[in-house]
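Asks: heads up, no residue letters with this:
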């Protein structure tokens, strides 16, 4: 897709540039697919290099430090000095990381490769989120949800591709996925051209989609309180979804004695529900407001999470899908709301919340694993069932921003 083609498909001023948003979503799919290959190859690396679990954990740490902690810094820098072609550069880091990991012959090189893959993600997310907002034509929730759906789909597809390609073929097969990074770089270079051409014009920041004047800025104290609440809501959502993403198959096998294949089917249904929920949440946030969606997507899941540990197999599958749809609707609303709280800091906010989202999920999964070792996998779900009660904190969000 050429730069001229993307530009030609962009809607008139005030409209939504779907070609740009869908290009970003596609690249988000590629980025998160390649990211998910890192943990998927752990069994291969552990056996090939005789690693212990502590060394495997350090690979995760190297990956997460660059993937999570660098994102706010990248967002802060690009807020002050936008870099349209940094999107392609970020994908280039991922490309180098994958090639290095495919050919790494020592543990330090594996750590470096994991850090480079994470660095690519850090550069990609803040700027891509900014461009998605810029191309939204005021439909911020829809734009962010379309962008996020690409990432969710990539995260779900990565382990499947790893199971069929990387695990049977070994470490060197990772290099085949460098083709995905090259495709992403080409697409993002074209998006960067659109971004460079439209950056000066931008969108009327002082107007809402309906053309009315935006609310007056909040005090720093109120903004800090609101951001704290949003992080707590993100904690509730991500730790619970991490419990399903990481341990659902073990729960099903332990409680219902199902096969691994059946458990994987249930997990796939949950991951598909996350995609659907993300799309629904973004569209609803634009129509009814961010705060109502946050109320529903966090607190609304509580009855279902409380019921899940006490029902049979079929109902467990149904409830996991319902929980996935409801909880996934939260992220776009949370991100857009935070960006509206801090106008002019779109990159910083995107970096913070994508970083928090990734980091909280990883920390939550690790903590829940320790809890499962100390108690049981069933206890994990009985305790996590109360996490959506944190949705009550939504009451502390400024009402004028609803």
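Replies: In hand now; what should we look at? All figures in this text were calculated on a predicted structure; none of them were measured in a lab. Numbers count the residues shown, from 1 in each chain.
Asks: point out where this protein drops to low pLDDT.
Replies: For the chain, applying pLDDT under 70 flags the ranges 1-15, 53, 200-216, 358, 361-362, 399-402.
Asks: tell me the buried residues in the longest helix seen in it?
Replies: Selection of the longest helix in the chain by residue count, based on DSSP state H, yields helix 220-256. Applying a neighbour-count criterion of 16 or more other C-beta atoms under 10 Å, the buried positions in helix 220-256 are 222, 226-227, 229-249, 251-252, 255. Quick note: C-beta positions are derived from backbone N, CA and C, even for glycine.
Asks: name the helix or strand for residue 258, please.
Replies: Secondary structure from DSSP states H and E places residue 258 outside every helix and strand.
Asks: and this structure, what are its domains?
Replies: Taking automatic domain parsing as the domain assignment, the record places the domains of the chain at 3-198, 220-401.
Asks: distance from the last one to the middle of the chain?
Replies: In terms of C-alpha atoms, centre = their mean, to the nearest Å, the centre of domain 220-401 is set 12 Å apart from its chain centre.
Asks: again, but for the first one
Replies: Taking C-alpha atoms, centre = their mean, the mean C-alpha location of domain 3-198 is offset from the chain mean by 11 Å.
Asks: check which helices and strands the longest helix of the chain sits against.
Replies: Secondary structure elements in contact with helix 220-256, counted by 3 or more C-beta pairs under 8 Å, 6 or more residues apart in numbering; DSSP states H and E, are helix 260-288, helix 313-328, helix 330-341, helix 346-374, helix 377-384.
Asks: okay, those in TSV with mean neighbour count and distance to residue 114 next?
Replies: Putting those into TSV (neighbours: other C-beta atoms under 10 Å; distance: least, C-beta to C-beta, whole Å) gives the following:
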stretch	mean neighbour count	distance to residue 114
helix 260-288	19	23
helix 313-328	20	27
helix 330-341	26	25
helix 346-374	20	13
helix 377-384	18	27
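Asks: just put the ones you listed in a markdown table and tack on distance to residue 199.
Replies: As requested, these are exported to a markdown table (distance: least, C-beta to C-beta, whole Å):
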| stretch | distance to residue 199 |
| --- | --- |
| helix 260-288 | 24 |
| helix 313-328 | 31 |
| helix 330-341 | 17 |
| helix 346-374 | 12 |
| helix 377-384 | 43 |
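Asks: show me what contacts the residue nearest to residue 113 when sequence neighbours are not counted?
Replies: Distances taken as C-beta to C-beta, 6 or more residues apart in numbering put residue 101 closest to residue 113, at 3.6 Å, once the chain neighbours are dropped. With contact taken as C-beta atoms under 8 Å, 6 or more residues apart in numbering, residue 101 is in contact with 38, 41, 110, 113-114, 117, 171, 174.
Asks: on the three-state scheme, the closest residue to residue 199 other than its chain neighbours is what?
Replies: With C-beta to C-beta, 6+ apart as the measure, residue 82 is the residue that lies nearest to residue 199, at 5.9 Å, once sequence neighbours are left out. With DSSP: H, G, I helix; E, B strand; the rest coil as the basis, residue 82 sits in coil.
Asks: OK, contacts around residue 82?
Replies: Contacts of residue 82 by C-beta under 8 Å, 6+ apart are 127, 130, 195, 199.
Asks: tell me how far it lies from residue 126.
Replies: Here the criterion is C-beta to C-beta, to the nearest Å. By it, residue 82 lies 11 Å from residue 126.
Asks: do the same with residue 73
Replies: As judged by C-beta to C-beta, residue 73 and residue 126 stand 9 Å apart.
Asks: mind listing the shared neighbours of these two?
Replies: By C-beta under 8 Å, 6+ apart, residue 73 and residue 126 have these common neighbours: residue 351.
Asks: who has more neighbours out of these two?
Replies: When neighbours are counted by other C-beta atoms under 10 Å, residue 126 comes out ahead of the other of residue 73 and residue 126, with 32 against 14.
Asks: ok, that one - contacts?
Replies: Applying C-beta under 8 Å, 6+ apart, we find residue 126 in contact with 71-72, 74-75, 78, 347-348, 350-351, 354.
Asks: go on, residue 178?
Replies: Residues counted as contacts of residue 178 (C-beta under 8 Å, 6+ apart) are 95, 98-99, 102.
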